[in-house]
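coords please:
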Amino acid sequence: MLFLLLLLGMVISIMGGYVPPGPRFGCPKDAIYIYPCTCLRGSDRGLYIRCENTNLASLSIAFTNLGNEGMPIEELVLYKCNIVRFYGPALYPLDVRVLKFIDTPLRLIEEHSFLGVNRTLQEIYVINSNLEKFPREALQILGNLSLLSITGHRISTLPGNSFGESAAAAKLEKLEISNGTLSSLPVEALTPLKKLKTLDLHGNKIKDLKRNQFKGLRDTEFLDISHNLIDKLDASNLADLVKMGWCNISHNAIADLKRGTFARNSVLKVLNLSNNKIRKLDSNTFRGMRFLRRLHLSDNQIDDVGRGTFGSVTRIGTIDLSRNFIKKIDFQMFNQLQFAEFLDVSENFVTIVEKLAFKDIYLARVNLSHNEISKIESGAFENCANITLLDLSHNKLENISKYSFDSASYAMELQLSYNQFTSLNQIPMHNMTGLKILNVSHNLIHSVPRQTFPKLYELHTIDISHNNLSEIHNAVFQTLFSLRLLNMSHNSLEKIKPSTFGPLPTLLDLDMSYNQLNDVARGSLTRLASCRSLTVKNNRLTKIFQLPISLGHLDFSENLLEEIPSTDVWPTMNALLSLDLSRNRLGDNLQEGSFENLLTLRILNLQANNITKPPWQALGSLSSLQYLYLQDNYLTKLEKAAFGRLPIVFELNLANNKINNITSRAFEGLLQLLTLNLTNNNISYIPNGAFQGLVSLRTLDLSYNKLEKLDNKTHGLLDDCLSLERLNLSHNKISFITRKTLPNDPWIPYRLKEVDLSYNTMPVITFDLIAGAKKIQHLNLSHNNINEIRRYVIGNLTALQTLDLSYNDISDISDQDVFLPPLNLTNLHLSNNHLSHVPLDKILPLPNLKVIDLEENEIGVFDERFMKIIQNGTVFKYSDNPIYCDCHVRPLKRWLKSQTQFPTEWLNVMCKSPNYLANKFISEVTEDLMNCGERDIQEEPELDITPDVKYRSIDYDTDDKSWKATWYVTSREDIGDFYVVVRESGSSKSMLEKDVVYSERSFKINDLKRSSTKYELCVLARDSEGNVKHYRNSQCRILNQHSSATNNLKASLYFVIVAAVFCTLMRFR
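Okay, the predicted model is just below:
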């Protein structure tokens, strides 16, 4: 027994497995308690909370409930909230580490706003605000603040005492005040920030840097003052930043760099001075900057780089001088830069590269493109071993001296495109032993003479395209023992001789397209033993040459091929997988044996060849063919077994032909055909049995023809297509759907899922549609003449997910049993009809509806029930209807205002009436202008204008003769405190006025004097700036003791009755 218990315990422990623990702090189980905020996720450090499109008053309740949970908040995001002035005790209940205000129109952050989080708050982000004043007082108590980021603001001046006597200065390591209007930066403003590591002031309007501007910032390592208006820079401005390693001063107006500007910044590693107005550099500019690695000077006005300018920055890795006015690469300009990685002098006006311009440079990328270089002097590159990339493209080079590069200098990739070379031997390659890629495209090269290429063992890619190449010396490429890719397209080659290429055992891809080839010697390519892809597109070839036996892809399109002989064309052994013969002149000259020996061919393209009859005899030998393209020909008739026996063809494209006659069993032998495209032909009739044998067909496209029917009343054309899933019959002349139009049989499980019958001439949807459409998921009947839908038709399409009835003449679908959409319906398109109303009682129950399109109809009255569809997440398209903007549209306006992002489908919705709102976008119309009669609002209170607050209760306490009012906030607009007013009814004189803090939702009124008239209580809202907001009638109530007592009595009686019923039920149990 003990053994069995032990065994059972082991089995249970094995079956249990390991369940990893969740985060230490999880989101609250009931999300409603923190509304309007949401908990994105929990973590071991705290919760991630996001609050969108709300106000201070609503946030205070959510924060109170969050505080009651007792869990820390790792990140609190206030996104697009309606808060102009942040103040008060909102954050007091929380423990927040990271606080973010994003796209919130903050203008002011008051003192004590961060009270309660001052011990935990470490990072503050204020992104895209209207902040006009630096929140000095609010930050004073944040002793643990390490990061402050204010990006997108309206602060013009940073006060001198911004951090004076502030606890925030103690630990602040990153300060960002960017993308705003800051223009004044006092010296003393940043002095207290002794531990500051990063200072980011980019995108402001700072013009002058003062002497000792950054005094006290001795630990600062990162400085960004780019995108400002600074026009002068000298050593006194940056002298205090002795530990600065990264400096960005780009996009300013600096015209001159004085001697020793960065002398005190000896550890500077990255300096960005691009997009300024600097005119010259000399040997004193960067003196003392021995650790500099990245130097960016692009987009300046530099026309003079003095000799030895970069001599003191020996560890430099990047020098970017692009887009300047440099006219020459001077003697020893780039000398002994042994750690250089990237030298960029592109897009200048360089005409000459002088002697010893580049010396002792290793593994660097050198970019001299987009200049006017016409001469490279002898010895210009000395001891420049293994240049990763040498880019001399877009210049005016006609010849490069063989002495320009010494015996130790070479490039791994040599880019010489867009120059003026006429012969390939004008490029010195005798010492470039490590050359891997050579690009000489877009030149004027007309020949490749002998001994152009020495023994270059690593050269694998040559691009000679877009030249005027007409002559290639025999076997010129044979010395390239690693050549993989050779591109000679867009040239003037006319003939390939037997020994033009010779044996190139490593070549994989050869492109000779867009030449003038008219003769390729029969054996000229046979020794390309490894060639996988060969392109001779757009030439003048009239016959097929002998192919390499390893060739996998041949593009022979756009030539003058008129026939393919049945013998001695294709090698006995070959690996050809795809053959493109499109746009030739084959006509009907393909005969039996034309494709003999192509036992592995999978793809054959015969597009646009003037073929009038299917070449079934030629195709018979292609036992592995899977894709056959015959579009854009002149086929007119498809006889029985028109394509012979092709047992594994998957796709047949016959689009854009002249087919007008398809006989029975025309596609016999295509047992595994999956896709058949017959679009844009001249087909008006297809006999039954034409598709017999296509048991695997899944997609059939018969669009853009002249079909009027697909059956003979007893049998259907598509009955033989047992696997058909997608059928396109658009742009035909079908006027009625009969029972046999779509395949159906009680004993055959057809699988038709998608049917497109758009752009036909159907006037009515009859019950016969149901016969073959029970499994259809997507049905498109748009752009017809439908004006009637018979009863029970739509209701019986039980699998339907998408129904498109747009662009028809439907005016009414409200009759009983006409429109009963299935529960699976996801997308419903009814746009561009004449509907004045829709049967919402049939649409509302649909649980999966994602899109309903009612655009361009005649629905003038906005039904309140539309809101049920909109609020469940359905995309509701309603533009171009003659909407009457009265109070019935207020719920929609209320919902639109609650959305953080305005829904795109409502951007163009306009009011058509009443006249004073005609042609105004609904986004611009306020609820006050959406008027209605008092009776409508009394019958449906939800149609009233949305008040800022609504009452929960107003109770009278007879013991202490006091009133207590409670309320809640209904608006998402800017709401701060509440303004409570008590006055005599009908009088404008106030008996009591009181401000209630935004975190409260009740107010007690004591010692009201007795009056002959009744008192009126009004609870109004103030915005965060303190302005009293709208006055609404619903926000005022008459204080009536009798009615209050009656309500209390009713509540007490209700409680007693409930208790009595409960006790009775318990007794009978």
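
What's the end-to-end length of stretch 1031-1039?
18 Å (Cα to Cα, to the nearest Å).

what does stretch 524-534 give?
Terminal-residue distance, stretch 524-534 (Cα to Cα): 13 Å.

Also stretch 105-120?
25 Å.

can you start the count at 48 instead of 1 from here on
Okay, using 48 as the starting number, the last item reads as stretch 152-167.

now it, how far from the centre of its chain.
How far stretch 152-167 lies from its chain's middle: 35 Å, per Cα atoms, centre = their mean, to the nearest Å.

just stretch 848-859 next, same as before
32 Å.

now swap in stretch 83-103 and tell me
25 Å.

Give the rounded mean pLDDT of that stretch.
For stretch 83-103, mean pLDDT rounds to 94.

again, but for stretch 574-587
pLDDT averaged over stretch 574-587 gives 94.

list the buried ones in that stretch?
Residues 574-575, 578-579, 581-586 are the ones in stretch 574-587 that count as buried (16 or more other Cβ atoms under 10 Å). Quick note: C-beta positions are derived from backbone N, CA and C, even for glycine.

try stretch 836-855
Those would be 836, 840-842, 844, 847-855, for stretch 836-855 by 16+ other Cβ under 10 Å.

Return the subset of the buried residues of stretch 574-587 lying in strands.
581-582 (DSSP state E).

Between all of the buried residues of stretch 574-587, which two are separated the most?
Arg574 and Asn585 (25.1 Å; Cβ to Cβ).

State whether His343 and Ile325 are indeed in contact, as I suppose.
No - using Cβ atoms under 8 Å, His343 is not in contact with Ile325, being 11.5 Å away.

got a list of what the nearest residue to Pro618 once chain neighbours are set aside touches?
Residue nearest to Pro618 in three dimensions, not counting chain neighbours: Ile596, with 5.2 Å by Cβ to Cβ, 6 or more residues apart in numbering. Counting by Cβ atoms under 8 Å, 6 or more residues apart in numbering, Ile596 makes contact with 573, 576, 618, 620-622.

Throw the buried residues of stretch 836-855 into JSON lines and include distance to Ala214, secondary structure and pLDDT, thanks.
What follows is the buried residues of stretch 836-855, written out as JSON lines (distance: Cβ to Cβ, whole Å; DSSP: H, G, I helix; E, B strand; the rest coil; pLDDT from 0 to 100):
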{"residue": "Ile836", "distance to Ala214": "73", "secondary structure": "strand", "pLDDT": "91"}
{"residue": "Val840", "distance to Ala214": "75", "secondary structure": "coil", "pLDDT": "90"}
{"residue": "Ile841", "distance to Ala214": "70", "secondary structure": "helix", "pLDDT": "90"}
{"residue": "Gly842", "distance to Ala214": "71", "secondary structure": "helix", "pLDDT": "88"}
{"residue": "Leu844", "distance to Ala214": "70", "secondary structure": "coil", "pLDDT": "90"}
{"residue": "Leu847", "distance to Ala214": "66", "secondary structure": "coil", "pLDDT": "93"}
{"residue": "Gln848", "distance to Ala214": "61", "secondary structure": "coil", "pLDDT": "94"}
{"residue": "Thr849", "distance to Ala214": "61", "secondary structure": "strand", "pLDDT": "95"}
{"residue": "Leu850", "distance to Ala214": "65", "secondary structure": "strand", "pLDDT": "95"}
{"residue": "Asp851", "distance to Ala214": "64", "secondary structure": "strand", "pLDDT": "96"}
{"residue": "Leu852", "distance to Ala214": "67", "secondary structure": "coil", "pLDDT": "95"}
{"residue": "Ser853", "distance to Ala214": "64", "secondary structure": "coil", "pLDDT": "96"}
{"residue": "Tyr854", "distance to Ala214": "68", "secondary structure": "coil", "pLDDT": "96"}
{"residue": "Asn855", "distance to Ala214": "71", "secondary structure": "coil", "pLDDT": "95"}
